[in-house]
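**Student:** predicted model and sequence follow; I will ask about them next.
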Amino acid sequence: MIIGAAGSTTTQSDATKLEQLFKWVNENTYVTGEASNMAGLLTDFAALETSPSSTKIKVPLSSVSTVVATSLTPSACSVVSATADVNAGVITALTTDKCTISYTVSGGSGAPATFVRDFVFTYFELKCGAGTYKLKAGVVSEGYSCTGDLTIDANATSISYFAFEGSLMTSVTLPNSITVIPNFAFLKSKALTSVVLGNAVSRIGVAAFAYTAITSISLPNTLRTLDRKSFVEMSLNSLIIPVGTTTVGDYLFANSPSLSIVTVPNTVTSAGLYAFVNGGVRTVNYCGNNGSVQSAIRQQGISATCVTPAIKP
């Protein structure tokens, strides 16, 4: 799309648009060197990728250019600033909506030329303390550099394996849209002390929170499966497995000496080998009679204590 001095608009290929813009610029500028400068800026803009894979795109700027970003969803994309000392001309995207960028080149001749391009931002880099994580088609990944407190974006629907492995985040809050914590998701995030899960999580994967410093986590009533080694080497003192959970994996609490009390609901029908062994577990609140659960408790060398009120409602 070309917008000329008379306000006329046509839709053509980028090459045709540029050719016509150059002709128009040459005919309507009189300041020495201005036409060449404007042509160079327009060429720079035309060379930008049409599907940038980031939350932002840097439009080339000079003292003779302005940038406007619009979309069908008003909040989808915006210009940080056309004149700021930092991030001048940076256009950010908030959703995967198409972002239409108008790039106007003007000068002393008073003959502006505007080039319009459509961009679709295919994935976002979102801040997490001093680092970033990626969100693409609802999938969270590559959060290894995250630090501090993190609230995962509400548009996230899943997390990839190893998404936050080795990160330095101290707490994480997940949206209700995430229903599975995948294998190794927060593995070795050794500064992580607090986790707030969404209210629809049904599974916590293999070693999902292994080798962290978690002291606080509340498991939702939607939980059905705790995979093996989910909570290896954690700093919890106690844990209530909610009613509705059916499966508890092998070596669930291995090397977690601070964990002294675990509450297991009667709904658990399968408990893995040594589920409670190698932790500091001294009390298991369990009122059921499932053989695999009772065996897992005996492997720790303790007996179950039936304390019904301790079961999470």
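**Tutor:** All right, it came through fine. Numbering: from 1, shown residues only.

**Student:** isn't L48 right next to I57, touching?
**Tutor:** Yes - L48 is within contact range of I57, at 6.6 Å (criterion: Cβ atoms under 8 Å). From N, CA and C alone the C-beta is placed, and that goes for glycine too.

**Student:** joint contacts of those two?
**Tutor:** F119 (Cβ atoms under 8 Å, 6 or more residues apart in numbering).

**Student:** between those two, which one's more packed in?
**Tutor:** Shown here are L48 and I57; by other Cβ atoms under 10 Å, I57 has more neighbours (21 against 15).

**Student:** identify the residues contacting the more buried one.
**Tutor:** L48, E49, V90, I91, I101, F119, F121 are the contacts of I57 under Cβ under 8 Å, 6+ apart.

**Student:** one more pass at 10 Å, please.
**Tutor:** 48-49, 69, 77, 89-93, 99, 101, 117, 119, 121 (Cβ atoms under 10 Å, 6 or more residues apart in numbering).

**Student:** buried subset of those, written for ChimeraX?
**Tutor:** Here is the ChimeraX selection string for the buried members of the contacts of I57, based on 16 or more other Cβ atoms under 10 Å:
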select :69,77,89,90,91,92,93,99,101,117,119,121
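
**Student:** ok, the contacts of I57 vs A185, which is closest?
**Tutor:** F121 (24.8 Å; Cβ to Cβ).

**Student:** how much space is there between the closest residue to the closest one other than its chain neighbours and T100?
**Tutor:** Among residues not flanking F121 along the chain, A93 sits closest, at 3.8 Å (Cβ to Cβ, 6 or more residues apart in numbering). Distance of A93 to T100, given as Cβ to Cβ, to the nearest Å: 12 Å.

**Student:** what is in contact with the two at once?
**Tutor:** Residues touching both A93 and T100 (Cβ under 10 Å, 6+ apart): A69, S71, A76, C77, F119.

**Student:** let me know whether the second one touches T92 as I believe.
**Tutor:** No - the pair S71 and T92 fails to qualify as a contact (Cβ atoms under 10 Å) at a distance of 11.6 Å.

**Student:** any common contacting residues for the two?
**Tutor:** C77, S78, C99.

**Student:** secondary structure, pLDDT and distance to T267 added to these, as JSON lines?
**Tutor:** Converted to JSON lines, these look like this (DSSP: H, G, I helix; E, B strand; the rest coil; pLDDT from 0 to 100; distance: Cβ to Cβ, whole Å):
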{"residue": "C77", "secondary structure": "strand", "pLDDT": "77", "distance to T267": "47"}
{"residue": "S78", "secondary structure": "strand", "pLDDT": "74", "distance to T267": "49"}
{"residue": "C99", "secondary structure": "strand", "pLDDT": "79", "distance to T267": "48"}
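
**Student:** beta partners for the residue nearest to F121?
**Tutor:** C77 (DSSP bridges).

**Student:** separation between K134 and S189?
**Tutor:** 17 Å.

**Student:** settle it for me: which of those two has more neighbours?
**Tutor:** Set K134 next to S189 and count neighbours by other Cβ under 10 Å: S189 wins out with 26 against 18.

**Student:** assign the more buried one to helix, strand or coil.
**Tutor:** Using DSSP: H, G, I helix; E, B strand; the rest coil, the secondary structure recorded for S189 is coil.

**Student:** what of D44?
**Tutor:** Classified using three-state DSSP, D44 is helix.

**Student:** I'd guessed it sits against R117; true?
**Tutor:** No - the criterion here is Cβ under 10 Å, and D44 misses it with R117 at 11.8 Å.

**Student:** what do these two both touch?
**Tutor:** V59, Y103.

**Student:** report pLDDT for the nearest residue to S202 once chain neighbours are set aside.
**Tutor:** Distances taken as Cβ to Cβ, 6+ apart put R224 closest to S202, at 4.9 Å, once the chain neighbours are dropped. Note on R224: pLDDT of 97.
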